[in-house]
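I'd like to go over a predicted model; first the sequence, then the structure.
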Protein chains: 2
Amino acid sequence: MSNNEKNKLSLEPYKGVRDFYPEDMFVQNYIFGVMKMVCEKFGYQEYDASVLEPAELYRAKTGEEIVNEQTYTFKDRGDRDVTLRPEMTPTLARMVAAKKRELSYPLRWYSIPNLFRYEKPQRGRVREHWQLNVDVFGIKTIQAEVEVISIASKIMKTLGLKETDFEIRVNSRKIINYILKELYSLPEEKSYKISKLIDKKEKMSAEEFEKGAKENLGEKTAEFLTLLNSKNFEEFVSHLPNNSSEQEGIKEIKILLENLENLGITNAVFSQTLMRGFDYYTGIVFEVFDKNPENRRSVFGGGRYDDLLDIFGQEKVPAVGFGCGDVIIRDILETYNLLPDYKPETKLAICLLDEKFSADANELAQKIREDGVNVAIDFSSKKLGDQIKSADKQKIPFILCLGENEVKSGKYKVKKLDTGNEMELSVDNIANFVNNK
Amino acid sequence: MSNNEKNKLSLEPYKGVRDFYPEDMFVQNYIFGVMKMVCEKFGYQEYDASVLEPAELYRAKTGEEIVNEQTYTFKDRGDRDVTLRPEMTPTLARMVAAKKRELSYPLRWYSIPNLFRYEKPQRGRVREHWQLNVDVFGIKTIQAEVEVISIASKIMKTLGLKETDFEIRVNSRKIINYILKELYSLPEEKSYKISKLIDKKEKMSAEEFEKGAKENLGEKTAEFLTLLNSKNFEEFVSHLPNNSSEQEGIKEIKILLENLENLGITNAVFSQTLMRGFDYYTGIVFEVFDKNPENRRSVFGGGRYDDLLDIFGQEKVPAVGFGCGDVIIRDILETYNLLPDYKPETKLAICLLDEKFSADANELAQKIREDGVNVAIDFSSKKLGDQIKSADKQKIPFILCLGENEVKSGKYKVKKLDTGNEMELSVDNIANFVNNK
């Protein structure tokens, strides 16, 4: 290889993906740790799969065009089309379908996979991100929704957010279907167009929206806009015929909000314009919405998708789930100043007055490690002052300097770097001092 | 989509990769947990990066042919060559090189990335595997090797293996270079060929090996074969000229074995034929070798690679590291009957006598979860007996059946499924009972 080629070798990661240095990994592990802890609290079990999937898994539900344009799809040498998974739900559905009869229900699963999308990198929209996926199979009642929304809420609160910082928006696909198909007697195609229009409402002007609505709703447009502009659930229901309170979607929202309130979740609100794009939702849809005035955005999103196993030619299984990405969570922690302070797992650095004490340092460290302390030894052969500076820079809280005196006496001075506190200790007392200070 | 297409959608994962159902994930998390715990004990910090890397990162050191034939490499829509990383070391070198001046040394890093190789799937040779990577930068002395070998040994022992089950083979590239270049005065090219030949010794007959040796060594062949057949380090050294004991490679092996023995690692042996393929090793190489007579194989492998940052046109940094795959570790745990029994994180299942107690179950579970117990509620609407069977099948150790009586009295019978032990408790005492039984 020529020198010229050498110099071209880039130090950057691939476009749109991230390196995780230990301080980044610390934040990532903190976020994932909270997610895992909360999911397991609710009886969810972790699963995983490869990032590689046959491309047809996505073509089935997402369509050829999106697979070709928005995913990483390539041919392997066996001429198979392979995709780097853009979402976890199809993989989950495949795994559940494959062992449908052996598995126990309610089946509660979570995973934190990395997902790939081929898009222009920008703030919050990287090409690779990690996404918590929480799903429960086998619960027909609204309790599945109550549970996964409780998990979403608990994650936000465990990360340090207050209920006033965010809201949980809920809607039901059944309500919009009821209005469009039953009340307005719209044909399937027009209903679908209206649903899509509502999903994009935030991204267009009021005029554009009204124009789109009129094309499909005709004279019902004004009535429909009044409905969509209702301030809350009660007002929304009051615009519907009297017997609507018996309608399934309406009843579900009522029970859902009541149940959440019972569990101390007081920031859930009905949102008649919430659609959550994906075609596979069949009932309740919801999202966790960050209310920060400078950065209003959706954080988690999910809903009920009872028909998904259909793509494998299998009978339906009731299913509810949501996803939540690592990038948005990290953004929110920054916005609300909730990022945890970096602390390395290493608690004690042993600095050497001379290389010749290396073997002594290894033996000493071995004993302290057995007592449960993570110990790093500075074998860099640098000056003692530089070794201490290095420990401090790495934020290792305690140091111990090892020389002739210490080796001979078996007494070691252990110092806490931030306070300067120092204790002379025998080896058996070091773990105790480090763990309790 | 037609029914015909539907039926074709496969339930299998992509060829050569694995799905991790919760029971598989449990084993994976157990193995990774041991790896992480031991690495952190020795002061190592976790890092990570994307599985996508620019293809040129591998072409630099591995060569065009291997990248094209043995890796997943494809063009993205921006006409960049992208590779799914086949090993972590080039990524690690890139990350260290990118922040070389900001980082503190000794730099101790570990990661458990997934790696991809395009090969024929077979036992122990899947297309995607996870590999622990442990590396230390900035230590010139043999203490770096002492430390990483101690980590490898500690992982094996923590997984339950005895010192007699495996051995740690060590060699130094400096010794073979000394013999071939200094003692035999072979030119660079012939030395290289002999090194490659030794690396493949186990895979060829004695005749083939001797033929290959003769082609490059001529009349020195017999002397060389005697050396290679030495039974131990002392015998090996005795075949060398008297002043060889001052040779750097020889001295290093001596110090390394002494230091390991000092730390209670008594299964390290000198292995003059150990080469560890990769061209980037510059000093000590080592491997952990499973001695099981039915399945003798290398488990961990690593060594010193002081020159790797060179590919980024940067000055050298002393570096030592090793890698260890998840598939081989799982195999070994099976061979030695050391796989942990599956235990779900969920400790208590609440079964419902009737759906109408759902809200009560949620409130009860909320309190028990706050006390630190992971609780799953059976909202399946199945018969009570089936709910209990389902909890048992999922290996959830405790159950609580909730009906009219329990809701009214605030007293709950909690039962341990394996022993049948049952206690009537108020909500505040449930966590205590579950955690201590």
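Structure's in. What do you need?

give me the distance between residue A:276 and residue A:287.
7 Å (Cβ to Cβ, to the nearest Å). Glycine gets a C-beta too; all of them are placed from N, C-alpha and C.

quick one: which of these two has more around it?
Neighbours were counted for residue A:276 and for residue A:287 using other Cβ atoms under 10 Å in any protein chain shown; residue A:287 has more, 23 against 19.

find residues that contact each of residue A:276 and residue A:287.
By the contact definition Cβ atoms under 8 Å, 6 or more residues apart in numbering or on different chains, residue A:276 and residue A:287 are jointly contacted by A:301-302.

what residues of the strand or helix carrying residue A:365 count as buried?
Following DSSP states H and E, one finds residue A:365 within helix A:358-370. Counting neighbours by 16 or more other Cβ atoms under 10 Å in any protein chain shown, one finds that the buried residues in helix A:358-370 are A:358-362, A:364-366, A:368-369.

next helix or strand past the longest strand along chain A?
Determined from DSSP state E, the single longest strand within chain A is strand A:128-137. Downstream of strand A:128-137, the next assigned helix or strand under DSSP H and E is helix A:143-158.

pLDDT weak spots in the stretch 101-250 of chain A?
When residues are selected by pLDDT under 70, those of the stretch 101-250 of chain A lie in A:120-125.

quick one: classify residue A:413 as helix, strand or coil.
strand (DSSP: H, G, I helix; E, B strand; the rest coil).

does it touch residue A:420 like I think?
No. Residue A:413 is not in contact with residue A:420 according to Cβ atoms under 8 Å; the separation is 11.8 Å.

what about chain B: which of the buried residues of helix A:358-370 touch it?
A:358-359, A:362, A:366, A:369 (Cβ under 8 Å from any Cβ of the partner chain).

residue A:69: what's it in contact with?
Residue A:69 neighbours (Cβ under 8 Å, 6+ apart): residue A:118.

cool, and the one 5 residues further on?
Under the criterion of Cβ under 8 Å, 6+ apart, the contact list for residue A:74 reads A:81-82, B:72, B:74-75.

ok and the residue in the stretch 251-400 of chain A nearest chain B?
residue A:376 (2.6 Å; Cβ to the nearest Cβ).

residues in the stretch 251-400 of chain A within reach of chain B, list them.
For the stretch 251-400 of chain A, the contact set with chain B under Cβ under 8 Å from any Cβ comprises A:259, A:262-264, A:310-313, A:344-346, A:349, A:355, A:358-359, A:362-363, A:366, A:369, A:374-381, A:390, A:393-394, A:396.

let me see the contact set for residue A:103.
Residue A:103 touches A:96, A:137, counting by Cβ under 8 Å, 6+ apart.

does it count as helix, strand or coil?
Applying three-state DSSP: residue A:103 is coil.

quick check: buried residues in stretch A:252-272?
Neighbour count says stretch A:252-272 has A:252-253, A:255-257, A:259-260, A:263, A:265, A:267-268, A:270-272 buried, by 16+ other Cβ under 10 Å.

mind picking the two most distant members of those residues?
A:263 and A:272 (23.5 Å; Cβ to Cβ).

so where do the strands sit in the stretch 201-350 of chain A?
With DSSP state E, counting those that start in this stretch, the ranges of strands along the stretch 201-350 of chain A come out as A:268-270, A:284-290, A:297-304, A:319-325, A:348-352.

got the ones you listed as TSV, with mean pLDDT columns?
Below are the strands of the stretch 201-350 of chain A laid out as TSV (pLDDT from 0 to 100):
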stretch	mean pLDDT
strand A:268-270	97
strand A:284-290	96
strand A:297-304	94
strand A:319-325	96
strand A:348-352	98
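
reformat these as JSON lines; add distance to residue A:45.
Formatted as JSON lines, these follow (distance: least, Cβ to Cβ, whole Å):
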{"stretch": "strand A:268-270", "distance to residue A:45": "26"}
{"stretch": "strand A:284-290", "distance to residue A:45": "23"}
{"stretch": "strand A:297-304", "distance to residue A:45": "18"}
{"stretch": "strand A:319-325", "distance to residue A:45": "14"}
{"stretch": "strand A:348-352", "distance to residue A:45": "36"}
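
tell me how far residue A:64 lies from residue A:90.
On the measure of Cβ to Cβ, residue A:64 and residue A:90 end up 15 Å apart.

and what of residue A:56?
On the measure of Cβ to Cβ, residue A:56 and residue A:90 end up 10 Å apart.

relative to helix B:358-370, how tilted is the top helix by length along chain A?
When chain A is scanned for its longest helix (criterion: DSSP state H), the result is helix A:22-41. Angle, helix A:22-41 to helix B:358-370, by axes from the mean of the first three to the mean of the last three Cα atoms, to 10 degrees: 140 degrees.

remind me what helix A:22-41 packs against, helices and strands.
strand A:107-111, strand A:128-137, helix A:143-158, helix A:326-335, strand B:45-46 (3 or more Cβ pairs under 8 Å, 6 or more residues apart in numbering or on different chains; DSSP states H and E).
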